[in-house]
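1. Below are the sequence and a predicted model; questions follow.
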Amino acid sequence: MADVHHETVHFSGHVQGVGFRYTTLSVAKEFELTGRVSNLDDGRVLLEVEGDPKEINAFLAVLEERMHGYIRKVERRSSLGPARYQDFCIQ
């Protein structure tokens, strides 16, 4: 099986308790992506997403637009490897 593009994204700001994970899931359904989104104990939100790099960039642009005002900082790390996810979910 071919390697897929994977992004690990950390969102900081007022990103918990504002529907961030549910908005992320809703936006993800508009794209051909897999992954997961979860709250972290330190107040950040972790997003793991896989798919075409252009799809991921478009997805993140829409997500950041919809959650503008809540996000203070976005940290992204990219890698290639075997697929880890079969769908997109909240954890």
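-> Okay, I see it. Model, not experiment: these values are computed from the prediction. Residues are numbered from 1 along each chain as shown.
2. Which residues belonging to the longest helix belonging to the chain are considered buried?
-> Counting residues, the longest helix found in the chain (DSSP state H) is helix 53-66. The neighbour-count criterion (16 or more other CB atoms under 10 Å) identifies 55-56, 59-60, 62-63, 66 as the buried residues of helix 53-66. The way it works is simple: take the backbone N, C-alpha and C, and place the C-beta from them, glycine included.
3. packing partners for that helix?
-> For helix 53-66, the elements it packs on are strand 4-13, helix 20-28, strand 45-50, strand 71-81, judged by 3 or more CB pairs under 8 Å, 6 or more residues apart in numbering; DSSP states H and E.
4. Quick check: which of these is buried the most?
-> Across those, averaging neighbours per residue (mean count of other CB atoms under 10 Å) puts strand 45-50 on top, at a mean of 21.
5. That one pairs with which strands, parallel or anti?
-> Applying DSSP bridges, strand 45-50 is found paired with strand 4-13 (antiparallel), strand 34-39 (antiparallel).
6. Arg44: what's it in contact with?
-> Residues counted as contacts of Arg44 (CB atoms under 8 Å, 6 or more residues apart in numbering) are 10-12, 15.
7. Pairing partners for the nearest residue to Gly35 once chain neighbours are set aside in the sheet, please.
-> Setting aside the residues directly before and after it, Gly35 is nearest to Val49 in space (CB to CB, 6 or more residues apart in numbering), at 3.8 Å. In this entry, Val49 is beta-bridged to Glu7, Gly35, by DSSP bridges.
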